[in-house]
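# Mind folding the following:
(chains A, B, C and D)
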Protein chains: 4
Amino acid sequence: MDLTPEQRGEIDALRKQNTPTRRVCSPALEEVLYEPVPVLDHGFVRVIDYMGDDGAIVQAARVSYGKGTKKTQNDAGLINYLMRHRHTTPFEMCEIKYHIKMPIFVARQWIRHRTANVNEYSARYSIMDKEFYIPAPDQLAAQSRSNRQGRGDVLQGEEAQRVLDLLRDDAARCYEHYAEMLNEGDDGAALDDNRQGLARELARMNLTLNTYTQWYWKIDLHNLLHFLSLRADGHAQYEIRVYAEAMMETLKRWTPITHDAFVNYRMGGVHVSAKGMDVIRALLNGDEVTAQSAGMSPREWRELMESLGR
Amino acid sequence: MDLTPEQRGEIDALRKQNTPTRRVCSPALEEVLYEPVPVLDHGFVRVIDYMGDDGAIVQAARVSYGKGTKKTQNDAGLINYLMRHRHTTPFEMCEIKYHIKMPIFVARQWIRHRTANVNEYSARYSIMDKEFYIPAPDQLAAQSRSNRQGRGDVLQGEEAQRVLDLLRDDAARCYEHYAEMLNEGDDGAALDDNRQGLARELARMNLTLNTYTQWYWKIDLHNLLHFLSLRADGHAQYEIRVYAEAMMETLKRWTPITHDAFVNYRMGGVHVSAKGMDVIRALLNGDEVTAQSAGMSPREWRELMESLGR
Amino acid sequence: MDLTPEQRGEIDALRKQNTPTRRVCSPALEEVLYEPVPVLDHGFVRVIDYMGDDGAIVQAARVSYGKGTKKTQNDAGLINYLMRHRHTTPFEMCEIKYHIKMPIFVARQWIRHRTANVNEYSARYSIMDKEFYIPAPDQLAAQSRSNRQGRGDVLQGEEAQRVLDLLRDDAARCYEHYAEMLNEGDDGAALDDNRQGLARELARMNLTLNTYTQWYWKIDLHNLLHFLSLRADGHAQYEIRVYAEAMMETLKRWTPITHDAFVNYRMGGVHVSAKGMDVIRALLNGDEVTAQSAGMSPREWRELMESLGR
Amino acid sequence: MDLTPEQRGEIDALRKQNTPTRRVCSPALEEVLYEPVPVLDHGFVRVIDYMGDDGAIVQAARVSYGKGTKKTQNDAGLINYLMRHRHTTPFEMCEIKYHIKMPIFVARQWIRHRTANVNEYSARYSIMDKEFYIPAPDQLAAQSRSNRQGRGDVLQGEEAQRVLDLLRDDAARCYEHYAEMLNEGDDGAALDDNRQGLARELARMNLTLNTYTQWYWKIDLHNLLHFLSLRADGHAQYEIRVYAEAMMETLKRWTPITHDAFVNYRMGGVHVSAKGMDVIRALLNGDEVTAQSAGMSPREWRELMESLGR
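Modelled structure (predicted):
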């Protein structure tokens, strides 16, 4: 992640803001407000604004005139209850806004979460930065043999080197040609007076999918938890998971009670099917049970046994 | 609107909060934060929290590292442009949370706006307050003869008195029977030890639709403007319009530039159809044109002529 | 449920439609198309239209040019996989439209599900029917002592009779006064020429919450399953659960494979928390474990033990 | 657009389906069901399924037991009224499902419309086809000088040729390297046994943004109209507008009354601001009025004068 001096200055200016407010505040989140957390080779996540805290969830659940409850302990009890029983609307009463920089192929996965507000940097209107994602060597994974949607071993030696070279050279060449077709200097003047320059909305199509883009992304806490439950999960692609993990840290600062309840009930929890519950009850009774007798596919059985540590 | 001393105390305690924050603030909105604005005979609107200001719209539209623009004048130019051309996503970057008390039949209209977060006081879980809406005499309107969905003249004399008596007596009687069926005192103990008391989730069905309910309601600025364009409009039912009007005042405090752009381009604007534009161009040319020659229904023609002040 | 002869005739006319289509059809659902299924004392659920079937889910998941797979067995395998791993978007590719008649207090719970399309009968525009819900004697439950949001024993004897009388009399009286205030006969003419008649949008506030309303309600299959998982669940209020149960039957006819996967993985499944999984693994190892050692509240422990049949 | 013989066969098989249904049908849309309409050089739009017709809008608006109205003329009157007064919910009662093939940069604009259901071909799971968009020579436009978000003159001669060569060569080279990194033949076997092959979810990042992708896209009629009003508009980028125009044709077949109302009231209509209406009234009165006296910016004034044909 590389900030220009001007960007650094703008961020510092925002961080120096210090205005008294009657609103509830989250002191631990204020500490990192506006500050970019580096992710991947050129990306970042930074919190721009937020609304509410753990108490605001309780306050909304009770539709109260004042604060949530008198005691933090009671807030935790209620938040655990709400999380356990999937009473989701009180969590919608908190809101957070991020500024995120990520490769376009990551943005394409991300945008599938529709319940957020988004303003993306426009390549129709502006010129894209010359920055693209190149995986670190330990992330250069082979296609998984068992899972069509996953990674296997890390590539080694010549093959790895060849892949890195291709990714780097193709992205760089495509960007150079993008700039050539645009024919615009930093000052907006033509680089070559004999050419008109291709429209930005067309030239952008020459960029590769690892080019970085950025957006403002705003979401309520309930939908953020849903996003994190899918994207901080081990099945998520590494390149989006690292963003979700960085956001887990901001969650911990913002609403620590909700964070803990989320880790216990959602992230670390397991949804066991009706047949799965039958299997567990049978095992606890000491009964013999197999995938076949349980009516489960081998894969499903394996997943269940893994979750039971067997 | 009647607050209990305890409610008043809770609100005052929140208003005394004074915490330094790095977030952007809206000073004019802070002034009225938490304070209920009375609406109808027992209802209110109060702002509980907010995120962003006019500058945050500009900041998101530019996906910038710092504040929106350097000058307020430029912010206004961009916000007017965004409003005029219906670039709606930057307005989604601001969020506001209200606590609202309103009659159930108003809540039923209101909830049709789906793009908001809602936590309503639960009559399944809690006991409803004994408060119902009785229209002021000047709002006791007859059914409109020309518009099946509107009001005509104000009822007078005996008929008006009879209506007020019926509304008042029926609501009061239904509430009394609700309380009797519940059989619960303020302390939760049975009023009559020989009865079990009907479940709250059932007893509530005896209440009339003018009984007051309340909720926390949170929405982004774009969707708030959509709500206001429909509900602060002259065609909206009076009983919801007065809430929208109270919210217009909070909008003016929160994001004054957006408020003015909204009043000019949306509230005061007119959507003229293709045929309507043909009529206007013909009139400006001095050509003769009639409803028939324009292919418009008499009603549509009348609406157009009214908007042209003819 | 009472249909007028005219309504019965309209339904029969629709059921006689028999048009060849290139679209996929669900023969078992066609059998009951348009036919109202009675729910509660005057309510109903009826399917008006639908799009897609089990095969359409597979087709969308594969973004295929033709049908989903060649074999039903493969479709089931994929649908089970999608359901188990919460790949929800393919289920959004089916859509269903219902016409539902239910008491207003049920409609108020129902409308909280925001991801549906709704057209409700307008009491602003039209006159409501004289029909209200009165619980059957075996549903006249007392307030639960242990669960503030639930029912206890069924009321008996005098108390039960008194409740039924109150509900019936209050609803009837309120409706009579509603009609009197409206002052409109079936032909639209005034009942009493000396009165103007109160506007419909005002008069409706005198009705009780057990008055029946009706709406068209359209939803995609994914969101329908979410609705059913909450409302066909044992914790849902009886008066909405019976609607969800009637809809479960339509689901079984429409997309039988999805129905079975839903029953196994969602309705009959249990979401076990991280701590809960620790407890299960300890029990399977024969280790001693208590609520306290597991860090669970008594209530949470009780719920877990119940799900394990202990 | 190039279909494989297998794809062509699958489409023909679907088109041969001929099942009797009780549902309402749209005969003109049935004619083109499943058939791809070519768009751009390799893209298409094809209708996969639909629910409802013009009558279904009327039926829902009236919450009726039978069909909408008895007469088509009445249906048109009501639909015009609903469109004119922005009563949008009845239009939500119709639904349509498309299969669309388009360049990734078009898909990125498209997906910003959040109120649709989407299943995209997965480059994490599958291998992308070797197809990329190269603009036709008459679409190779220069950047507009007056509008940062638009096109100017068409590029000519050498510059045009150079742009076409760059777009073609870069896309082809990037795809070849993508295939090389994957190291997978059509049969799934390795092309080169000495290499493992990069994971699909990584290799895809080397593709350019003009690579074609495809998805199933399902939306209700109200939200489709909103999409079309933005994307069939002259300000939309050409490469997405041609898709919207192809969809306008399907709209005309599906719901012809709604199509005509949409063209008159939405597509051809103009939203005139409060200040704009003042100007029109002044002009009709023969009063002198200027941008300055009207308080309008030069650009806004110019837009208004253009819409008035002055």
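
# what about the strands in chain A?
Counting by DSSP state E, chain A has strands at residues A:19-21, A:37-39, A:43-51, A:95-103, A:117-120, A:141-143, A:151-154, A:212-220, A:270-272.

# For chain D, which of those is the nearest?
Chain D lies closest to strand A:141-143 among the strands of chain A, at 3.8 Å (C-beta to the nearest C-beta). No exception for glycine: its C-beta is placed from N, CA and C like everyone else's.

# near chain D at all, the closest one?
Yes. Remark: strand A:141-143 sits within contact range of chain D at A:141-143, by C-beta under 8 Å from any C-beta of the partner chain.

# Type out the PyMOL command that picks the buried ones from these.
A single PyMOL command is used to select the members of those judged buried by 16 or more other C-beta atoms under 10 Å in any protein chain shown:
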select buried, chain A and resi 141+142+143
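
# nearest to residue C:295, of the residues of strand A:141-143 next to chain D?
Ranked by distance to residue C:295 (C-beta to C-beta), the residues of strand A:141-143 next to chain D are led by residue A:141 at 36.8 Å.

# That closest one contacts residue A:151, doesn't it?
Yes. If you go by C-beta atoms under 8 Å, residue A:141 and residue A:151 touch, sitting 3.6 Å apart.

# What count of nearby residues applies to residue A:265?
Residues lying near residue A:265 (other C-beta atoms under 10 Å in any protein chain shown) number 22.

# List the residues that contact it.
A:80, A:83-84, C:271, C:273-274 (C-beta atoms under 8 Å, 6 or more residues apart in numbering or on different chains).

# Try it again at 7 Å.
Residue A:265 makes contact with A:83-84, C:273, according to C-beta atoms under 7 Å, 6 or more residues apart in numbering or on different chains.

# quick one, what contacts the residue positioned nearest the centre of chain A?
In chain A, the C-alpha nearest the mean C-alpha coordinate belongs to residue A:244, at 3.4 Å (C-alpha atoms, centre = their mean). With contacts defined as C-beta under 7 Å, 6+ apart, the neighbours of residue A:244 are A:228, A:231-232, A:236.

# before we move on, the earlier item: columns distance to chain B, neighbour count and pLDDT on top of the contacts of residue A:265, output as TSV?
Formatted as TSV, the contacts of residue A:265 follow (distance: C-beta to the nearest C-beta, whole Å; neighbours: other C-beta atoms under 10 Å in any protein chain shown; pLDDT from 0 to 100):
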residue	distance to chain B	neighbour count	pLDDT
A:83	15	24	95
A:84	17	20	93
C:273	24	24	96
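
# Just the closest of those to residue C:39, please.
Nearest member of these to residue C:39, counting by C-beta to C-beta, is residue A:84, at 30.3 Å.

# The closest residue to chain C within the stretch 51-200 of chain A - nearest residue in space that isn't next to it in sequence?
Here the stretch 51-200 of chain A gets closest to chain C at one residue, residue A:84, 6.8 Å apart by C-beta to the nearest C-beta. Using C-beta to C-beta, 6 or more residues apart in numbering or on different chains and skipping residues adjacent in sequence, the residue nearest residue A:84 is residue A:265, 5.5 Å away.

# Distance of the one you found relative to residue A:220?
Residue A:265 sits 18 Å away from residue A:220 when distances are taken as C-beta to C-beta, to the nearest Å.

# Please apply the same query to residue A:11.
Residue A:11 is 25 Å from residue A:220, by C-beta to C-beta.

# Neighbour count: those two, which is higher?
Using other C-beta under 10 Å, the more surrounded residue of residue A:11 and residue A:220 is residue A:220, with 25 against 19.

# contacts for stretch A:15-29?
A:33-35, A:47, A:50, A:52-53, A:55-56, A:250, A:253-254, B:14-15, B:17-22, B:25, B:30, B:33-34, B:49.

# Next, count neighbours for the residue of the stretch 151-300 of chain A found nearest chain B.
Closest contact between the stretch 151-300 of chain A and chain B, by C-beta to the nearest C-beta, is at residue A:216 (4.4 Å). By other C-beta under 10 Å, 26 other residues sit near residue A:216.

# Repeat that for residue A:44.
Neighbour number of residue A:44 under other C-beta under 10 Å is 22.

# just the one 3 residues further on next, same as before
Neighbouring residues of residue A:47 were enumerated by other C-beta under 10 Å; the total is 23.

# That one contacts residue A:98, doesn't it?
Yes. The criterion here is C-beta atoms under 7 Å, and residue A:47 meets it with residue A:98 at 5.9 Å.

# tell me the domain boundaries of chain A?
For chain A, automatic domain parsing gives the domain ranges A:1-129+A:210-269, A:274-307.

# Nearest to residue D:297, out of the ones you listed?
Closest among these, once you apply C-beta to C-beta, is domain A:1-129+A:210-269, at 19.4 Å.

# Could you check how far that closest one is from the centre of its chain?
Remark: domain A:1-129+A:210-269 is offset 9 Å from the chain centroid, using C-alpha atoms, centre = their mean, to the nearest Å.

# Provide a list of residues in contact with the closest residue to residue A:129 other than its chain neighbours.
Using C-beta to C-beta, 6+ apart and skipping residues adjacent in sequence, the residue nearest residue A:129 is residue A:212, 6.4 Å away. By C-beta under 7 Å, 6+ apart, the contact list for residue A:212 reads A:42-43, A:101-103, A:129, A:131-133.

# among these, which ones are buried?
Buried among the contacts of residue A:212 (16+ other C-beta under 10 Å): A:42-43, A:101-103, A:131-133.

# rewinding a little: ok, so of the residues of strand A:141-143 next to chain D, who is nearest chain B?
The closest of the residues of strand A:141-143 next to chain D, once distances to chain B are taken by C-beta to the nearest C-beta, is residue A:141, at 31.4 Å.

# Now for the closest residue to residue A:209 other than its chain neighbours, how many residues are close by?
Spatially, and ignoring its direct neighbours in sequence, residue A:209 is nearest to residue A:105 (4.3 Å; C-beta to C-beta, 6+ apart). Residue A:105 is flanked by 25 other residues according to other C-beta under 10 Å.

# what's near enough to touch residue A:105?
A:209-210, D:204-205.
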